[in-house]
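Asker: Structure, please.
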Amino acid sequence: MDYNTFKLSLQKLIEYYTNPEFSVELNEAKREFFDNTGTVDEENPNYDLRMHQFYEWYFLTRNLKSYMKTPLAASGQHRDLRLNEQDIQAIDVLQNTHQHTLFEYLKSKNGIVYVRNLMTNKKIEVQQEKMVFGFDSKEFFQARIVTIEGKNYFLDSFCFHPESSQKFILSEIKILQKNPDLSLETFLLRLNKMRYKYEQYKHVTPEAIYTNDNKLGL
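Answerer: Residues are numbered from 1 along each chain as shown. Okay, the predicted model is just below:
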């Protein structure tokens, strides 16, 4: 399976779980996601990016109320999905290789993006497919990665954080690493909301937003 075939199957799967049959579930998920990460505005230049964040979270992370599992995990139960061989391979890739975590950008060279997984401290090479973003040196960002035929690829959702947030992020990662009862996904949603606040309140320093104190009540 190549990356483009994988993306077509992923798009087919997400579209199935956003059809009218799942409208109640989808609307509830939107309220849940955007209440936790900040409202979405169609006029915002980052609108498409935020919707990618939502749809991938909805399909890969959030449990459907009626199934108590993610749409990805439930996908084998729906015959009307009419899964073909490529779809089944895409599901296998997602179930066995998908990672959603924090990365540090290191460099790009010859079509490869070099990043460090901040949770494991491991360096990873990622294929630089059609990228719409320019990475900044030493930038921290959230992203989802899958492995296809031994090569790593980003999915479509990214969340980039300002350089001055790095001290806070690293200190919170240490706490997460020491306590397995804490949820990385919950922390990533918090960071997503902080990034949105940073964008919304440009007169406020990032240090006043990326904090556990929240003295400004943002």
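Asker: The helix or strand bottoming out on mean pLDDT in the chain - contacts with which helices or strands?
Answerer: Across the helices and strands of the chain, mean confidence by mean pLDDT, DSSP states H and E is lowest for helix 206-209: a mean of 89. Packing partners of helix 206-209 (3 or more Cβ pairs under 8 Å, 6 or more residues apart in numbering; DSSP states H and E): helix 184-200. Every residue, glycine included, has its C-beta placed from N, CA and C.
Asker: Contacts for the helix it packs on next, please.
Answerer: Applying Cβ atoms under 8 Å, 6 or more residues apart in numbering, the contact partners of helix 184-200 are 33, 36-38, 46, 53, 61, 100-102, 119, 142, 159-162, 165, 169, 172, 176, 204, 206, 209-210, 218.
Asker: Just the buried subset of those residues, please.
Answerer: 33, 37-38, 46, 53, 61, 100-102, 142, 159-162, 165, 169, 172, 176, 206, 209-210 (16 or more other Cβ atoms under 10 Å).
Asker: give me the low-pLDDT residue ranges for the chain?
Answerer: Applying pLDDT under 70 to the chain picks out residues 130-133, 215-218.
Asker: how far away is His52 from Leu10?
Answerer: 11 Å (Cβ to Cβ, to the nearest Å).
Asker: In terms of neighbours, single out the busier of those two.
Answerer: Neighbour count, other Cβ atoms under 10 Å: between His52 and Leu10, Leu10 has more, with 23 against 16.
Asker: and the more buried one, what element?
Answerer: helix 3-16 (DSSP states H and E).
Asker: who's in contact with that helix?
Answerer: With Cβ under 8 Å, 6+ apart as the criterion, helix 3-16 contacts 55-56, 58-59, 71-72, 75, 78, 81, 86-87, 89-91, 93-94, 127, 129, 146, 148, 151, 153, 155.
Asker: please redo it, this time with the cut-off set to 7 Å
Answerer: The contact list for helix 3-16 (Cβ atoms under 7 Å, 6 or more residues apart in numbering) reads Tyr55, Phe59, Ser75, Leu81, Gln86, Asp87, Ala90, Val93, Glu129, Ile148, Tyr153.
Asker: How about the contacts made by the fourth one?
Answerer: Going back to what we said before, that points to Leu81. Tyr16, Ser75.
Asker: Repeat that for the first one.
Answerer: Remark: with contacts taken as Cβ under 7 Å, 6+ apart, Tyr55 is in contact with Ile14.
Asker: Only alpha carbons, please: show the helix or strand hosting it as CSV.
Answerer: Assigned by DSSP H and E, Tyr55 belongs to helix 47-60. Written as CSV, here are the backbone C-alpha positions of helix 47-60 (Å, rounded to 0.1, in the frame of the first residue of the first chain):
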residue,chain,number,x,y,z
TYR,A,47,-9.9,27.0,9.8
ASP,A,48,-9.0,24.0,7.6
LEU,A,49,-6.2,23.0,10.0
ARG,A,50,-8.5,23.0,12.9
MET,A,51,-11.1,20.9,11.1
HIS,A,52,-8.4,18.4,10.3
GLN,A,53,-7.5,18.3,14.0
PHE,A,54,-11.2,17.7,14.8
TYR,A,55,-11.9,15.0,12.2
GLU,A,56,-8.8,13.0,13.1
TRP,A,57,-9.5,13.3,16.8
TYR,A,58,-13.2,12.2,16.1
PHE,A,59,-12.1,9.2,14.1
LEU,A,60,-9.0,8.1,15.9
